[in-house]
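Visitor: Quick one: sequence plus predicted model below, questions after.
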Amino acid sequence: MRAIDKAARILAVALLLLAYPSSKAAEIEFTADGWYMWEVKAGTHGRQSCCYSWNGGIAAVTGCQLDGRQRGFSIADDCSLNSDRLRVYVQIQSGTVGNIRALSAGCPVQADSEIADLGAINTDASINWLNQQIKARPGRSSDLLAAVSMHADPAAFRSLTGFVEDRSMDQNLREEALFWLAQSDSNLAYDYLERLLSRR
């Protein structure tokens, strides 16, 4: 192939990629108070995150009320939701970040106000934003680390192990990161934990 033909093909591919971006890599921005949502690839390996009711040991999807006091959720092998996408919900109150929820895209969600859809977000951008919130609000790290763990690897793995190994972080935060690493059902996490145990 002549060099000029090869250069022309490379240029054509580059133009196509610019014309059809697959996701947003820009910083996440909020323009007003209210609920916002963005979507990323899930790393829950077939398991689904949603709110359930339990009756006689049988779980039924109820969906999640974002503004309700009950903020619990469960991660289960729920084929009825059947989604490989994760949605991150963020509440902005008086210009500051309030509640944050991470739920499977198939999970029914309700809010007292309209939810602004930011569309598909780059996984690294989503996790970087969550990491900033974890560092700013270590007292609420459990829910945020859970949200990180539900993102796709290797970004989720890098984030969780980064907190585990950062000795400048609060001990409870590092333990929470280790807990969610163990819950992530990731091969990367399994190999990492196996190496940690072999050091003892």
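Guide: Noted; the coordinates are in hand. Numbering: from 1, shown residues only.
Visitor: what kind of secondary structure is V164 in?
Guide: Secondary structure state of V164, per DSSP: H, G, I helix; E, B strand; the rest coil, is helix.
Visitor: Spit out the contact partners of it.
Guide: V164 sits next to R174, A177, L178, L181 when contact means CB atoms under 8 Å, 6 or more residues apart in numbering. All C-beta atoms are positioned from the backbone trio N, CA, C, and that covers glycine.
Visitor: which residue packs closest to the first one, ignoring adjacent ones?
Guide: The one in question is R174. Leaving aside its chain neighbours, R174 sits nearest to V164 (5.5 Å; criterion: CB to CB, 6 or more residues apart in numbering).
Visitor: try L66
Guide: A111 (4.3 Å).
Visitor: next one: A189
Guide: Closest to A189 by CB to CB, 6+ apart is L181, at 4.9 Å.
Visitor: and the gap between that neighbour and V148?
Guide: In this view, L181 and V148 are 10 Å apart by CB to CB, to the nearest Å.
Visitor: okay, the two: which has more neighbours?
Guide: The neighbour comparison of L181 against V148 (other CB atoms under 10 Å) goes to V148, with 28 against 25.
Visitor: isn't I92 right up against I100?
Guide: No: checked against CB atoms under 8 Å, the pair I92 and I100 is beyond contact range at 10.6 Å.
Visitor: Break this protein into its domains for me.
Guide: Domains of the chain are assigned by automatic domain parsing as 31-121, 122-200.
Visitor: Between the two ends of the first one, how far is it?
Guide: Using CA to CA, to the nearest Å, one end of domain 31-121 lies 17 Å from the other.
Visitor: which residues sit in contact with L118?
Guide: Neighbouring residues of L118 by CB under 8 Å, 6+ apart: K24, I28, Y36, M37, W38.
Visitor: on that earlier part again, now for L181 and V148: what residues contact both?
Guide: Residues touching both L181 and V148 (CB under 8 Å, 6+ apart) are L160.
Visitor: List the first helix or strand encountered after the helix or strand hosting R101 toward the C-terminus.
Guide: Using DSSP states H and E, the element containing R101 is strand 96-104. Later in the chain than strand 96-104, the nearest helix or strand by DSSP H and E is strand 109-110.
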